[in-house]
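Student: I would like to see how this sequence folds:
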Amino acid sequence: MMETKSRYEVIAELEEKKRELIVERDSQPQLIIMKKRDIKMVQRQLEDKEEDLADFQANLVDRKETIQALIDSTDESLNRFSDMSNSQKK
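Tutor: Down below sits the predicted model:
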């Protein structure tokens, strides 16, 4: 059975649809503002990442030297233990 809508129901539905479209149309500038804010936030995050990279690169030589000093120290400790083991065996 097919439902028949009254003229008033059709008018009410069309008016509701019109209100929805008006609200959507009027919200477009706000959507642009939100999208611009999102872009600014992403740009700030990118700038932070670039600063982190620059800091990392600036400290890379010092970090490598520190790591190498730790490796050398560990090698010295290993050699001492090896020498102590060899002298105890004799």
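Student: can you list the low-confidence ranges for the protein?
Tutor: 1-2, 90 (pLDDT under 70).
Student: show me the residue at the heart of it, geometrically.
Tutor: In the chain, the centroid-proximal residue (C-alpha atoms, centre = their mean) is residue 45; its distance is 7.2 Å.
Student: separation between that residue and residue 51?
Tutor: Here residue 45 is placed at a distance of 11 Å from residue 51 (C-beta to C-beta, to the nearest Å). C-beta: built from backbone N, CA, C; applies to glycine.
Student: so what's the residue nearest to the centre of the chain up against?
Tutor: Residues near residue 45 by C-beta atoms under 8 Å, 6 or more residues apart in numbering: none.
Student: and it, how far from residue 33?
Tutor: Here residue 45 is placed at a distance of 19 Å from residue 33 (C-beta to C-beta).
Student: ok, residue 64 next?
Tutor: Residue 64 is 47 Å from residue 33, by C-beta to C-beta.
Student: and if you look at residue 75?
Tutor: From residue 75 over to residue 33 the distance is 61 Å, taken as C-beta to C-beta.
Student: same check, this time on residue 65
Tutor: 49 Å.
Student: for residue 85, same thing?
Tutor: 73 Å.
Student: same question, residue 18
Tutor: 25 Å.
Student: host element of residue 84?
Tutor: Take DSSP states H and E as the rule and residue 84 turns out to sit in helix 7-89.
Student: what about that helix, distance to the chain center?
Tutor: Averaging C-alpha positions (C-alpha atoms, centre = their mean, to the nearest Å) puts helix 7-89 3 Å from its chain's average.
Student: again, but for stretch 80-90
Tutor: Put simply, stretch 80-90 sits 53 Å off its chain's centre (C-alpha atoms, centre = their mean).
Student: so residue 5: helix, strand or coil?
Tutor: coil (DSSP: H, G, I helix; E, B strand; the rest coil).
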